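1. sequence and predicted structure, then a few things I'm wondering about:
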Amino acid sequence: MKTALKIYISLACLLLLDTFLFLSADISLPGTLPDRLLFWCWLASTFFILVQYRKSIWTKVYTVLLLVLLFAAALPMGAPLVMLHAFALDKEVSYQVGHTRLVETTKSPFAKPYVAVIRSYGLYEQETARLDMDFDVKGKTYRLADVLSIKEVTNDVRTELLFVFKTGSVTREIP
């Protein structure tokens, strides 16, 4: 088996594993850049492999399978294609507080966004809590992009995050 094909199969397996872990256990690679880089490398190498091995019967079957899956994904309102586009090109609002990263995100383009509390464990990270994305301060609603600063307040019983905005502050408890 050629080296390029081994690399492509490895990329495809890593992408499938990353997707499965993200959807089932909220575990992902640290940050969003490695996820996006993995996706774009897989996509670019797909075209390379399809051209490189175009005469093989397995490549023709794989091409048909990819096209069928692409068109099948577009049938129910194009939702999976919108999700793929949103995943690959999304601009994220993110703050780092110690070993905790706060990200305004959603797992679906049709769902209401939320603030994900993500803990980093070196080679991977896991979403440990979800916070409401709206912060009400003195009758005004803010989002994560409006935060001036975030401080982590820890005591024996619980951990809280203090979000500071222009007109005041809000405290949210995290597990």
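-> Looks like it came in fine. Residues are numbered from 1 along each chain as shown.
2. by mean pLDDT, flag the weakest helix or strand of this structure.
-> Among the helical and strand segments of the chain, the one scoring lowest on mean pLDDT, DSSP states H and E is helix 79-89, with a mean of 60.
3. so what's S149 closest to, chain neighbours aside?
-> V164 (4.6 Å; C-beta to C-beta, 6 or more residues apart in numbering). From N, CA and C alone the C-beta is placed, and that goes for glycine too.
4. mean confidence score for the helix or strand hosting L16?
-> For L16, the element it lies in under DSSP states H and E is helix 3-25. Helix 3-25 shows a mean pLDDT of 89.
5. centre-most residue in the protein?
-> T32 (5.8 Å; C-alpha atoms, centre = their mean).
6. still on that earlier bit, mind giving me the packing neighbours of the helix holding L16?
-> Using 3 or more C-beta pairs under 8 Å, 6 or more residues apart in numbering; DSSP states H and E, the elements in contact with helix 3-25 are strand 27-28, helix 33-52.
7. which one of the ones you listed lies nearest to D134?
-> Ranking the helices and strands packed on helix 3-25 by proximity to D134 (C-beta to C-beta) places strand 27-28 first, at 24.6 Å.
8. okay, now the sheet partners of the closest one, with direction.
-> strand 125-131 (antiparallel) (DSSP bridges).
9. distance from the strand it pairs with to the middle of the chain?
-> Centroid separation for strand 125-131 versus its chain: 12 Å, with C-alpha atoms, centre = their mean, to the nearest Å.
10. could you check the angle that strand makes with helix 3-25?
-> 30 degrees (axes from the mean of the first three to the mean of the last three C-alpha atoms, to 10 degrees).
11. what sits against P30?
-> Counting by C-beta atoms under 8 Å, 6 or more residues apart in numbering, P30 touches 120, 122-125.
12. which of the helices and strands packed on helix 3-25 sits most buried?
-> strand 27-28 (a mean of 17; mean count of other C-beta atoms under 10 Å).
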